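> return a 3D structure for these sequence lines:
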Amino acid sequence: MLADVKLKVLEELIKNSNNEELIWMNGYLNGIVKNKIASPAPATAVTDGATKKITIVYGTETGNSKKLATDFAAKAKQNHVHAKVIGMDQYRLTDLTKEEYLLAVISTHGEGEPPAAAKKFYDHIHNNGFKLEKLQYGVLALGDTSYPLFCKTGEDVDEQLNKLGANRIIPLQKCDVEYDDEANNWINTVLKNITTPKKETAAVVAAPVIAPAAKKGKQTYSGKVLTAINLNDRGSNKETYHIEIEAEGLEYQCGDSIGILSENDSQLVTDIIATANVDGNKSLEFKKEKFTVYELLKRKINIVHLTERLVLLYATATGHAIPAGRYDLLDLLKKYPVKNAAQFEEILVTLNAISPRLYTIASSPAAHEGEVHIVVVKDTYYVNDKKRFGLCSDYLSKLKINSTQQFFVQPNKRFRLPAENKDIIMVGPGTGIAAFRSFLAERDATGATGRNWLFFGEQYFASDFLYQTEIQNWFETGVLNKVNLAFSRDQKEKIYVQHKMLEHGEALYEWLNGGASFFVCGKKHPMSTDVENTLLQIIEKYGNKTAEEAKKYLEHLEEEGRYEKDVY
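Residues are numbered from 1 along each chain as shown. Predicted coordinates:
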């Protein structure tokens with residue numbers, strides 16, 4: 001029993017504490033009693049000068065593991081530890097050997113079996129064939145003591161990670177149906193173990209730098225393709241690819257782009273050589289360099305959807321009367337053949353070189369070390385009622401895992417995150433989300449304190465919500481303070497991001513007036529124009545300004561670097 005004075009202090013503390021603080025105090029006191037520690041100091045900051053990063057993976061049937069994992073991530077961030085949360089079904093298994101700290105929250109299903117969403121992860125670690133000596137881990141197992149194989153899956157995962165050479169930072173914790181206290185004690189102990197300075201510090205080994213390809217101009221890098229997946233679900237009108245490329249040692253900043261030089265389809269090249277009846281191995285000079293005919297057609301020259309100017313040059317060279325328009329080289333050869341190989345070779349070296357296509361980087365240097373990510377929508381168009389695809393987007397949609405891709409970095413100094421304590425508003429429909437996935441991951445990883453507000457839009461919620469899980473996780477863990485979504489075709493009247501901006505115009509203006517930066521990324525026409533016009537309306541209405549004053553206000557934001565666009 002407490003003395004009256006102490007009891008009054010405790011009652012006053014409880015009265016003035018919110019739910020989250022009460023939950024923390026409860027877990028903290030339970031930890032003291034359980035471990036018989038006289039005066040523990042809860043981890044409140046990383047004291048070794050480095051930002052710790054942990055990955056929390058969860059396997060769940062009912063959602064309990066996910067909720068715990070999300071709560072743990074929020075608590076970790078309060079303690080200045082960056083935590084990435086991801087379901088075991090979405091976790092990229094090849095990342096396991098790269099992790100430093102891994103926390104697994106997993107339930108047991110059926111007769112001691114892993115949940116369906118965790119089976120891929122479970123099977124992977126039991127296949128052996130690799131070592132995890134650098135990994136430090138902990139496992140929180142959820143179960144029900146009324147079942148004979150209580151927490152069996154968690155036991156299996158804990159044991160197998162240890163067999164693979166990983167080091168436990170905390171013993172396996174098995175939790176029954178009522179798990180709140182035990183789970184909170186477990187995460188508090190994990191955070192204490194992670195944030196306590198080590199007596200010995202391992203030497204830091206510099207990451208290998210990408211070997212640049214021998215090429216004039218921009219430095220070109222080569223990286224292995226790690227992931228290439230279509231983000232759109234069945235029934236979508238689009239194909240939007242998330243592509244990850246290995247990039248150890250690559251330096252870039254959020255807001256930058258990478259340039260990709262695409263290649264022409266191999267079968268198309270073979271068909272052109274056969275139709276023109278030329279030697280694919282013959283060497284020709286193009287832009288003061290020597291290439292074989294095949295190399296020119298495959299990697300150097302644009303051979304699809306030729307401009308009207310090039311079609312006219314082809315007509316002049318061959319003597320054919322060709323109607324004005326845009327054609328593929330193969331179509332021209334079939335309908336308006338060349339006289340001989342020499343004529344074809346002369347035409348070939350006059351064609352345009354393939355131009356690099358720039359894609360805004362969708363990854364964060366802090367959160368995705370050693371990788372660079374992009375988001376690519378497969379461009380489609382019609383010529384004479386025939387469906388065609390954009391050269392580079394079609395090429396990237398066909399990338400094979402483990403193939404090698406070359407690229408260069410294109411800095412964008414006019415599209416940069418502000419100071420970490422400044423608020424940002426982001427408008428990024430469609431692939432415009434790329435820049436803001438980078439921004440949010442960076443702010444999450446570095447513990448930035450500025451507020452973040454995202455407007456995202458696409459056609460259908462069910463099939464086109466790009467990065468839905470990540471956006472939800474950022475919102476649940478407090479990285480995203482506000483999210484507004486616009487799915488244009490889910491209702492009779494089309495709703496776009498600018499409509500959502502108008503709905504929240506008063507708050508948006510308050511953010512701007514409070515120093516927030518406003519970013520737009522995505523299609524230039526009509527999206528960025530519509531967004532800017534809507535922004536002017538909001539400034540005029542909620543700032544009590546004339547149209548001219550609103551325009552000057554926006555110009556002032558631009559001068560300060562607080563209104564930035566990355567549009568294409």
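> out of the helices and strands in the protein, which is least certain?
When the helices and strands of the chain are scored by mean pLDDT, DSSP states H and E, helix 19-35 comes last with a mean of 52.
> check which helices and strands the next helix-or-strand element following that one sits against.
Later in the chain than helix 19-35, the nearest helix or strand by DSSP states H and E is strand 53-59. With contacts taken as 3 or more Cβ pairs under 8 Å, 6 or more residues apart in numbering; DSSP states H and E, strand 53-59 sits against helix 64-78, strand 82-87, strand 101-107, helix 119-126. Yep, even glycine has a C-beta here, placed from its N, CA and C like the rest.
> quick one: contacts of the last one?
For helix 119-126, the external contacting residues (Cβ atoms under 8 Å, 6 or more residues apart in numbering) are 57, 59, 88-89, 91, 93, 96, 114, 153, 156-157, 160-161, 164.
> buried set for that helix?
K119, F121, Y122, H124, I125 (16 or more other Cβ atoms under 10 Å).
> and if you look at stretch 100-116?
Y101, L102, L103, A104, V105, I106, S107, T108, H109, G112, P114, P115.
> most widely separated two among the residues you listed?
Farthest apart among the buried residues of stretch 100-116 by Cβ to Cβ are Y101 and G112. That separation is 27.1 Å.
> could I get the contacts of helix 119-126 as TSV with pLDDT, distance to A276 and secondary structure?
Below are those laid out as TSV (pLDDT from 0 to 100; distance: Cβ to Cβ, whole Å; DSSP: H, G, I helix; E, B strand; the rest coil):
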residue	pLDDT	distance to A276	secondary structure
V57	94	55	strand
G59	91	57	strand
M88	92	53	coil
D89	90	50	coil
Y91	92	50	coil
L93	90	47	helix
L96	92	50	helix
P114	88	58	coil
T153	91	62	helix
D156	91	62	helix
V157	93	60	helix
Q160	92	59	helix
L161	93	59	helix
L164	92	56	coil
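> which two among these are spaced furthest apart?
So, these by Cβ to Cβ: farthest apart are D89 and L164, at 20.5 Å.
> neighbour count winner among those two?
L164 (19 against 16; other Cβ atoms under 10 Å).
> tell me how far the more buried one lies from T97.
9 Å (Cβ to Cβ, to the nearest Å).
> shared neighbours of these two, anything?
Any residue near both L164 and T97 by Cβ under 8 Å, 6+ apart counts here, and that gives F130, K131, L132, L135.
> ok, the second one touching L164?
Yes. Using Cβ atoms under 8 Å, K131 is in contact with L164, at 5.9 Å.
> any idea of the mean pLDDT in the helix or strand hosting T270?
Taking DSSP H and E as the definition, one finds T270 inside helix 266-276. The pLDDT scores in helix 266-276 average 97.
> list the contacts for G223?
With Cβ under 8 Å, 6+ apart, G223 has these contacts: I210, I245, E246, A247, L250, V372, T404, Q405, F407.
> and the residues you listed, which of them are in strands?
Assigned to strands by DSSP state E, the following of these qualify: I245, E246, V372, T404, Q405, F407.
> so what's the nearest residue to I354 once chain neighbours are set aside up against?
Nearest non-adjacent residue to I354, counting by Cβ to Cβ, 6 or more residues apart in numbering: N302, 5.1 Å away. Counting by Cβ under 8 Å, 6+ apart, N302 touches L351, N352, A353, I354, S355, L391.
> change it to 7 Å
Each residue near N302 by Cβ atoms under 7 Å, 6 or more residues apart in numbering is listed here: L351, N352, I354, L391.
> for ChimeraX, what selects the buried ones among those residues?
Per 16+ other Cβ under 10 Å, the buried members of the contacts of N302 correspond to this ChimeraX selection:
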select :351,354,391
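> pLDDT below threshold where in the stretch 1-150 of the chain?
Residues of the stretch 1-150 of the chain that meet the criterion pLDDT under 70 lie in 1-51, 62, 110-111, 145-148.
> repeat that for 80
1-52, 61-63, 109-112, 128-129, 144-149 (pLDDT under 80).
> what about the nearest residue to T469 once chain neighbours are set aside, how many residues nearby?
Of all residues not flanking T469 in the chain, Q90 sits nearest, at 6.5 Å (Cβ to Cβ, 6+ apart). Number of residues near Q90 (other Cβ under 10 Å) recorded here: 12.
> could you do Y314 as well?
For Y314, using other Cβ under 10 Å, the count is 21.
> what about E506, distance to A367?
Here the criterion is Cβ to Cβ. By it, E506 lies 33 Å from A367.
> ok, now T292?
Distance from T292 to A367, by Cβ to Cβ: 43 Å.
> list the contacts of stretch 374-390.
So stretch 374-390 is in contact with 238-243, 258, 305, 326, 359, 361-362, 393-394, 396-397, 430-431, 433-434, going by Cβ under 7 Å, 6+ apart.
> any buried residues in that stretch, and which?
I374, V375, V376, V377, K378, D379, R388, F389, G390.
> again, but for stretch 548-564
A550, Y553, L554, L557, R562, Y563, E564.
> and stretch 153-168, by the same measure?
Per 16+ other Cβ under 10 Å, stretch 153-168 contains these buried residues: T153, G154, E155, D156, V157, D158, Q160, L161, L164, A166.
> against S397, how distant is the third one?
Using Cβ to Cβ, E155 is found at 43 Å from S397.
> with the fourth one instead?
Spatial separation of D156 from S397 under the definition Cβ to Cβ is 38 Å.
> among the ones in strands among the contacts of G223, which pair sits farthest apart?
Largest pairwise distance in the ones in strands among the contacts of G223, by Cβ to Cβ, is 13.8 Å, between V372 and T404.
> which one's more surrounded, these two?
The neighbour comparison of V372 against T404 (other Cβ under 10 Å) goes to V372, with 26 against 11.
> touching, that one and G249? I think so.
No. Using Cβ atoms under 7 Å, V372 makes no contact with G249, being 11.2 Å away.
> for the protein, what's the longest strand?
strand 221-230.
> so how far is that strand off the chain centroid?
13 Å (Cα atoms, centre = their mean, to the nearest Å).
> list the buried ones in that strand?
Buried, per 16+ other Cβ under 10 Å, within strand 221-230: Y221, G223, V225, L226, A228.
> what pLDDT does the fourth one get?
Pointing back at L226 there. Confidence score, pLDDT, at L226: 97.
> wait, doesn't it sit right on E244?
Yes. Assessed by Cβ under 7 Å, L226 is found in contact with E244 at 4.3 Å.
> sorry, back to before: more crowded one of T292 and A367?
Higher neighbour count among T292 and A367: A367, with 20 against 14, using other Cβ under 10 Å.
> the more buried one belongs to a helix?
No. Counting by DSSP: H, G, I helix; E, B strand; the rest coil, A367 is located in no helix; its state is coil.
> ok, it - contacts?
A441, E442, D444, A445.
> can you tell me which of these end up in strands?
With DSSP E as the criterion, strands contain none of these.
> and the furthest pair within those?
The widest separation within the contacts of A367 (Cβ to Cβ) is 7.2 Å, between E442 and D444.
> those two: which is more packed in?
Comparing E442 with D444 by other Cβ under 10 Å, the one with more neighbours is D444, at 25 against 21.
> dump the residue contacts of that one.
H82, A367, W474, V479.
> from E470, how far off is it?
Distance from D444 to E470, by Cβ to Cβ: 10 Å.
> and for A321?
Counting by Cβ to Cβ - A321 and E470 are separated by 56 Å.
> neighbour count for the two, which is higher?
Per other Cβ under 10 Å, whichever of A321 and E470 has more neighbours is E470, with 20 against 7.
> tell me which element that one is part of?
Here E470, judged by DSSP H and E, is contained in helix 468-476.
> using CSV, list the CA coordinates for that helix.
Extracted C-alpha coordinates of helix 468-476, given in CSV (Å, rounded to 0.1, in the frame of the first residue of the first chain):
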residue,chain,number,x,y,z
GLN,A,468,-1.7,0.9,-50.6
THR,A,469,-0.1,-1.1,-47.8
GLU,A,470,2.8,1.3,-47.4
ILE,A,471,0.5,4.4,-47.4
GLN,A,472,-1.7,2.7,-44.8
ASN,A,473,1.3,1.8,-42.6
TRP,A,474,2.7,5.3,-42.8
PHE,A,475,-0.7,6.7,-41.7
GLU,A,476,-1.1,4.2,-38.9
